[in-house]
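>>> Mind looking at a prediction? Sequence and model below.
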Amino acid sequence: MVLPVWAFWMAILFLVVGLFGVILPAVPGAGFMWIVIAVYAIAERFATIDPLSFVVLTLLGLAGATADIWLSWLGAKVAGASLRSTLYSLAGALLGGLIGLLFVGLGAIPGVLIGSVLGVLVSEYRERGEWKAAWRASLGLMVGFTLSIVIQLGISLAMFAIFVWQVLRG
């Protein structure tokens, strides 16, 4: 069952919101885009979005939704952070996110980033006893996080293009 044209344009509108969400922390990003695509595909019973394309879109959505986690970790690792520091980074991200939720002005996403950086910084300083290595590992984490935004944007644009191509080709 092919959906009416207005459903396509509503999906496009929500996908654009998702594209902005890649850059703006208060707006959902690639994961939200996948949800929009999944709802559309299920509602139309996969009439225009074939199952193979949906699998590709699902893998892209998963990679985009988690890119800030694994690229931040990779950035910290490349900059010399230990496994313990990366675990502290995850704990700091969770704690920062929870604290960020409590303070509406700060928000969960900045809280996650701040908590993650502090987790690496404190752990590396405790482990090595020098600030230079701790700052280098924290900087690596931030570079990875920044790179994740670029990767998420590319993934999100690919998801957008695949969705439009699949629906328009019928």
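Cool, the structure landed.
>>> only C-alpha atoms for contact and neighbour calcs from this point on.
Noted.
>>> Contact partners for the residue lying farthest from the centre of the chain?
What lies farthest from the middle of the chain is residue 129; by CA atoms, centre = their mean that is 32.6 Å. Contacts for residue 129 (CA atoms under 8 Å, 6 or more residues apart in numbering) come out as none.
>>> Residue 13: neighbour count?
13 (other CA atoms under 10 Å).
>>> Check which helix or strand residue 16 maps to.
Residue 16 belongs to helix 5-23 when elements are defined using DSSP states H and E.
>>> Need the pLDDT of the residue nearest the centre of the chain.
Centroid check for the chain by CA atoms, centre = their mean gives residue 65 as the closest residue, at 3.6 Å. For residue 65, the pLDDT comes out at 87.
>>> go on, residue 1?
Listed pLDDT for residue 1 reads 69.
>>> So which elements touch the helix holding residue 16?
Using 3 or more CA pairs under 8 Å, 6 or more residues apart in numbering; DSSP states H and E as the contact test, the elements touching helix 5-23 are helix 30-43, helix 131-169.
>>> need the contact list for the residue nearest to the centre of the chain.
For residue 65, counting by CA under 8 Å, 6+ apart, the contacting residues are 29-31, 152.
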